[in-house]
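[1] I'll drop the sequence and a predicted model, then ask my questions.
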Amino acid sequence: MINLRLSIMMFLQFFIWGGWFVTLGTYLANTLAASGGQIGMAFSTQSWGAIIAPFVVGLIADRFFNAERILGVLHIVGAILMYFMYQADNFVAFYPYVLGYMVVYMPTLALVNAVAFGQMQDPSKEFGKVRVWGTIGWIVAGLMISYVFSWDSAVAIADGQLRYTFLLCAVASLLLGVFSFSLPNTPPKAVGQKTGIRELLGLDALVLLKDKNFLVFFLSSVLICIPLAFYYQNANPFLTEIGVENATGKMTLGQVSEVLFMLALPIFLNRFGLKVTLLIGMAAWVLRYVLFAYGNADETLYMLIVGIALHGICYDFFFVSGQIYTDAKAGESAKSAAQGLITLATYGVGMLVGFAVAGMITDRYTTEASVHEWQQIWLFPAAFAAVVFLIFLFMFKSEKEKINA
């Protein structure tokens, strides 16, 4: 019964995120007439939320209040902000609400994990069965937008119907907020402990950067977030603009692939080793964007579908492998700090820079008639990812670090 409640929590948590974030770029460009730079600003609120999240969780949740209660309050506040996003009729009015929303949403990613881990005897065996419902929630949100409501059809987009994604997610956020108060009791675990800014941001793990291999991995992780930002920001607007039907629904193939390749990841790590697995992940970024650059909605639609399906390799083989590598490199006392540092560097700094670059490149290749030169836009992250691939290939030395996957 507890696992059922935790699974519902995960489903709603990621249903909310997948229900508006995927189509955000399309909505801003077509309904609010936002520029590439403005769209980049909107997406970068995720990074600001990731930077602020450790303070919310570390200074408040871990010390003073039950995790499930803070989760409930944050999602109720999020529902209100989401409703204001639904009502906003221009980018200037929209931006403060999306910034506020991401500041309250990003901490909930750690909170749902805390609630889940707090109820498990053996998280290594139990967590995956609960967490997979989050991915299912993201997939269901995309399928509903495309195949149930058809909010991402050309006619619906022109009519501004993507606005309803915010209303849908506001309702889901309110439901999760109320539901959170029925979740198992998860009291704070750091009562009485002194936790400073250094610990919250994982700065204690900076000593790992003295290891040349880890430094190369760390810098590569930050740099590869720039191509990653292009996908989050431009994939849905691109597919929609060139005429791919049910683009949001088709993009859920990325999450399906993520689940499948997560299962394959241990096999690759054990058979080919860490370096090869990480290189496969980076090479997939290059291939994905080349496919996007030369695919279209007609005879080469399969290229776009393959590009979407590569998401599992792109994400799992680099980011998840990287988390496993970081865990292996860090000592017992620095594991949490090391993961915090990597998260801050990638989803915080890396993605912040990435969204800014994606916005500039998109504006650079957008005509006065608001027509995008998509081939040029996609070739930039392809080339950038190729450079990161080569840097990692020649500078990261294979090592026999024990990897538990």
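    Looks like it came in fine. Numbers count the residues shown, from 1 in each chain.

[2] What residues sit buried inside the helix ranked longest in the chain?
    When every helix of the chain is counted residue by residue (DSSP state H), the longest turns out to be helix 212-241. Residues 213-214, 216-241 are the ones in helix 212-241 that count as buried (16 or more other Cβ atoms under 10 Å). C-betas here are computed from N, CA, C, even on glycine.

[3] Give the other helices and strands that it contacts.
    In terms of contacts (3 or more Cβ pairs under 8 Å, 6 or more residues apart in numbering; DSSP states H and E), helix 212-241 is packed against helix 24-30, helix 36-56, helix 247-251, helix 274-294, helix 311-315, helix 321-329, helix 351-364, helix 374-395.

[4] residues in contact with the last one?
    Contacts made with helix 374-395 from outside it, assessed by Cβ atoms under 8 Å, 6 or more residues apart in numbering, are listed as 216-217, 219-220, 223-224, 226-227, 230-231, 234, 238, 241-242, 278-279, 282-283, 285-286, 288-290, 292-294, 358, 361-362, 365.

[5] can you rerun that using 7 Å?
    With Cβ atoms under 7 Å, 6 or more residues apart in numbering as the test, helix 374-395 has contacts from 216, 220, 223-224, 226-227, 230, 234, 238, 242, 278-279, 282-283, 285-286, 289-290, 292-293, 361-362, 365.

[6] Doesn't Glu299 belong to a helix?
    No: counting by DSSP: H, G, I helix; E, B strand; the rest coil, Glu299 falls outside a helix, being coil.

[7] Kindly give the local confidence score, pLDDT, for it.
    Listed pLDDT for Glu299 reads 95.

[8] number of nearby residues for it?
    A count of neighbours around Glu299, defined by other Cβ atoms under 10 Å, yields 8.

[9] Repeat that for the one 4 residues further on.
    Each residue near Met303 was counted by other Cβ under 10 Å, and the total is 17.

[10] tell me the contacts of it?
    Counting by Cβ under 7 Å, 6+ apart, Met303 has contacts Leu291, Tyr294, Gly295.

[11] ok, the last one touching Leu304?
    Yes: contact criterion Cβ atoms under 7 Å: Gly295 and Leu304 qualify, at 4.2 Å.

[12] Pull up the gap between Met360 and Val353, please.
    To Val353, Met360 is 11 Å away according to Cβ to Cβ, to the nearest Å.

[13] So for those two, which residue has more residues nearby?
    Shown here are Met360 and Val353; by other Cβ under 10 Å, Val353 has more neighbours (17 against 13).

[14] Could you double-check that the more buried one lies in contact with Ile226?
    Yes: under the criterion of Cβ under 7 Å, Val353 is in contact with Ile226, at a separation of 6.3 Å.

[15] What are the contacting residues of stretch 233-249?
    22-23, 25-26, 29, 39-40, 43, 142-143, 145-147, 152, 157, 250-251, 292, 296-297, 301, 304, 355, 358, 362, 372, 374, 377.

[16] Give me the ChimeraX select line for those residues, limited to the buried ones.
    A single ChimeraX command selects the buried members of the contacts of stretch 233-249 (16+ other Cβ under 10 Å):
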select :22,23,25,26,29,39,40,43,142,143,145,146,152,157,250,251,292,301,304,355,358,362,372,374,377
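
[17] so how many other residues sit close to the nearest residue to Ala293 once chain neighbours are set aside?
    Spatial nearest neighbour of Ala293, chain neighbours left out: Trp378 (4.0 Å); criterion: Cβ to Cβ, 6 or more residues apart in numbering. A total of 27 residues lie near Trp378 under the criterion other Cβ under 10 Å.
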